[in-house]
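> after the sequence you'll find the predicted model.
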Amino acid sequence: MSGSGDPALLQKISDATYNAVRNSEIYLPDDVKDRLLCARNTESSPVAKQELENILENIRLAEERLAPLCQDTGIPVIYVTIPPGLSWTREMEEAVHAGIRAATTKVPLRPNLVDPLSRENTGTNTGLMMPPVHVTTGERFTITALPKGAGSENVSRIRMMNPSEKDRIVKFVVETMLKAGGRPCPPVILGVGIGGTFDVAASLAKEALLEPVSCMSSYEQDICDKVNLLGIGPMGLGGDTTCLAVKVKTAGCHTASLPVAVNIQCWAARRASEEVII
Amino acid sequence: MKHLKTPLGDEILDLKAGDVVTLSGTVYTARDEAHMRIQEEGFPFNPDGAVIYHCGPVISDNRIVVAGPTTSARMNKLTGFMLDAGVRGLIGKGGMSAQVRNELKGRAVYFAFTGGCANLAAACMTLTGVHYKDLGMAEAVWEIKLDKLPLTVAMDAHGGDLFAVVDEHAHEVFQGMYPTSTTEI
């Protein structure tokens, strides 16, 4: 096994990041495609059916043209699992950012990262402590990219509820989608984080978007059904398909707290993983 | 399905919110900056029967790479003068305000194009010209020839507005689901 400062390892990390980001931008995961196909087949509104047809055709064309699915290529949020015997270093984080810069030039991606106040664009999708790199331990060394566009991110919500409001969590999630309407480019996937602290709830909501959408718990299915009853439909034009899936993640919280976060994801639910072979 | 061609004429008065159509011919991209420039300096193209596409495309080597729609609501207050000048069609995503709904009456329609479908749009397009290149790639006015772009009539020329109907229905369903709620969570 190579050491953590090994230039060859750093290059592998950079290459794996480039591949994860590139693949996530061009190819939609199969489980998301399956949900969209299923929605197209069961949708009863002709307008909604046409919107879903357009989405499916766009997915096919992105693969054929090797171009990003959407012009908002997002901020690539990065998740790393690192195996026992290796420790995460600043050089490794820099290697991840080098991979993002390479993807920005070569795919190409739209440079989206700006200073929050001056609004000056860094031009590389890196810098100013971004994009975030979340590291956990795991069996294998993997790098996962989750590019997140602004349309769906901008209508996401977090609320510090009272412990007595536990039964109103579902209402809060449904209401979040009611307020969002067509703005997050539905059909959406809802990542819900319950518990933790203020920041942990938001992280859980985003991590929930990494989960496969092929299955749901009864709690998740109940929220999904309620959201679909709103009839917002693809792009807010009405229809049966507003939400493809709901994924919930929980963590322990303070006895006096009940943080709840909802991270909305547009239909272009992009994510891809790449293994770093060491 | 109706197949429309630019420049648009009185045939658009027959369209109803909810109709699915295709559009062929020339469209002009315009976002916030282009609207403001046109308002100040006049049109760099003939607005009579013209169609405006709310879009900031990615162009490389005079080729359209991707060209999905942007949020039309940002142009709510910049649309009236365009319609007064003869523009008869708008394309974008997310719909527009009640004010625009009124301004469309008797003369123009708003088409919704599927958000995120940047490749589908690009596959129906040929780049034919550009105005205001100094505004940058996203904000310039790109003259584009369309070949049967699939669109939904979301706001018609008679006050019909699919987004408003859907939004009202969603609020009614929510009230029915949570009837006792008096305060917003």
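That came through fine.
> could you use CA atoms for every contact and neighbour count after this?
OK.
> how far out from the middle of the chain is stretch A:269-278?
14 Å (C-alpha atoms, centre = their mean, to the nearest Å).
> would it count as contacting chain B?
No - shown here: stretch A:269-278 not in contact with chain B (C-alpha under 8 Å from any C-alpha of the partner chain), separated by at least 11.0 Å.
> may I see the buried residues of that stretch?
A:269-276 (16 or more other C-alpha atoms under 10 Å in any protein chain shown).
> residue B:74 reaches residue B:32, doesn't it?
Yes - the pair residue B:74 / residue B:32 is scored as a contact, 7.0 Å apart, by C-alpha atoms under 8 Å.
> tell me which residues of the longest strand seen in chain A are tucked away?
Of all segments of type strand in chain A, defined using DSSP state E, the longest is strand A:243-253. Neighbour counts over strand A:243-253 (16+ other C-alpha under 10 Å) mark A:243-250, A:253 as buried.
> now, which of the buried residues of stretch A:269-278 sits nearest chain B?
Nearest to chain B among the buried residues of stretch A:269-278, counting by C-alpha to the nearest C-alpha, is residue A:269 at 11.0 Å.
> so the closest one, which state does it fall into?
Following DSSP: H, G, I helix; E, B strand; the rest coil, the label given to residue A:269 is coil.
> what is the burial count for the residue lying closest to residue A:180 once chain neighbours are set aside?
Leaving aside its sequence neighbours, residue A:180 sits nearest to residue A:155 (C-alpha to C-alpha, 6 or more residues apart in numbering or on different chains; 5.7 Å). Using other C-alpha atoms under 10 Å in any protein chain shown as the criterion, residue A:155 is surrounded by 18 other residues.
> what's the first helix or strand after the longest strand that chain B contains?
Scanning chain B for the longest strand, with DSSP E as the assignment, gives strand B:141-155. Per DSSP states H and E, the first helix or strand lying C-terminal to strand B:141-155 is helix B:162-177.
> is it true that residue A:141 touches residue A:86?
No - applying C-alpha under 8 Å, one finds residue A:141 not in contact with residue A:86, separated by 9.4 Å.
> ok, now which ones touch residue A:56?
A:33, A:36-37 (C-alpha atoms under 8 Å, 6 or more residues apart in numbering or on different chains).
> burial check on the residue of the stretch 151-278 of chain A found nearest chain B, number of neighbours?
Nearest residue of the stretch 151-278 of chain A to chain B: residue A:230, at 4.5 Å (C-alpha to the nearest C-alpha). Residue A:230 is flanked by 29 other residues according to other C-alpha under 10 Å.
> what's around the residue nearest to it when sequence neighbours are not counted, how many residues?
With sequence-adjacent residues excluded and distances taken as C-alpha to C-alpha, 6+ apart, residue A:230 is closest to residue B:170, at 4.5 Å. Neighbour count of residue B:170, defined by other C-alpha under 10 Å: 23.
> now residue B:170: how far from residue A:177?
Using C-alpha to C-alpha, to the nearest Å, residue B:170 is found at 10 Å from residue A:177.
> which strands and helices sit next to the helix or strand harbouring residue B:37?
Using DSSP H and E, residue B:37 maps to helix B:32-41. For helix B:32-41, not one helix or strand is in contact under the criterion 3 or more C-alpha pairs under 8 Å, 6 or more residues apart in numbering or on different chains; DSSP states H and E.
> show me where chain B has helices.
B:32-41, B:80-84, B:98-104, B:118-123, B:162-177 (DSSP state H).
> tell me which of the ones you listed sits most buried.
Neighbour counts (mean count of other C-alpha atoms under 10 Å in any protein chain shown) averaged over each of those peak at helix B:118-123, with a mean of 26.
> show me what counts as buried in the least confident helix or strand in chain B by mean pLDDT.
None of the helices or strands of chain B scores lower by mean pLDDT, DSSP states H and E than strand B:58-60, at a mean of 83. By 16+ other C-alpha under 10 Å, the buried positions in strand B:58-60 come out as residue B:58.
> that strand: how far from the chain's middle?
With C-alpha atoms, centre = their mean, you get 20 Å for strand B:58-60.
> could you do stretch A:186-200 as well?
Distance, centroid of stretch A:186-200 to centroid of chain: 11 Å (C-alpha atoms, centre = their mean).
> same question for stretch A:42-60.
With C-alpha atoms, centre = their mean, you get 22 Å for stretch A:42-60.
> ok, stretch A:83-99 next?
22 Å.
> now do it: everything it contacts.
Counting by C-alpha under 8 Å, 6+ apart, A:3-5, A:10-11, A:13-18, A:82, A:126, A:131, A:133, A:135, A:137-141 sit against stretch A:83-99.
> separate out the buried members of the residues you listed.
Judged by 16+ other C-alpha under 10 Å, buried ones among the contacts of stretch A:83-99: A:4, A:10-11, A:13-18, A:82, A:126, A:131, A:133, A:141.
> show me what from chain A comes close to chain B.
A:47, A:50-51, A:54-55, A:57-58, A:61-62, A:67-72, A:171-172, A:175, A:178, A:181-183, A:185, A:229-232, A:235-238, A:268.
> so which of the residues you listed belong to helices?
Filtering the residues of chain A next to chain B for helices - DSSP H - leaves A:47, A:50-51, A:54-55, A:57-58, A:61-62, A:171-172, A:175, A:178, A:229.
> can you give me the pLDDT of the residue nearest in space to the middle of chain B?
The residue lying closest to the centre of chain B (C-alpha atoms, centre = their mean) is residue B:91, at 1.8 Å. Looking at residue B:91, its pLDDT stands at 98.
> show me what from chain B comes close to chain A.
B:18-20, B:57-58, B:65-68, B:71, B:93-94, B:114-120, B:123, B:150, B:152, B:154, B:162-163, B:166-167, B:169-171, B:173-174, B:178, B:185.
> circling back: which of the ones in helices among the residues of chain A next to chain B sit farthest apart?
Maximum pairwise distance among those (C-alpha to C-alpha): 37.8 Å, between A:61 and A:171.
> so where is the chain shaky, pLDDT-wise?
Went with chain A since none was named. A:1-4 (pLDDT under 70).
> wait, chain B was what I had in mind.
In chain B, residues with pLDDT under 70: B:181-185.
> can you show me the helices along the stretch 51-200 of chain A?
Using DSSP state H, counting those that start in this stretch, the helices found in the stretch 51-200 of chain A span residues A:90-106, A:150-153, A:169-180, A:198-208.
> I'd like those helices laid out as JSON lines, including distance to residue B:127 and mean neighbour count.
Formatted as JSON lines, these follow (distance: least, C-alpha to C-alpha, whole Å; neighbours: other C-alpha atoms under 10 Å in any protein chain shown):
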{"stretch": "helix A:90-106", "distance to residue B:127": "23", "mean neighbour count": "20"}
{"stretch": "helix A:150-153", "distance to residue B:127": "27", "mean neighbour count": "18"}
{"stretch": "helix A:169-180", "distance to residue B:127": "34", "mean neighbour count": "21"}
{"stretch": "helix A:198-208", "distance to residue B:127": "38", "mean neighbour count": "22"}
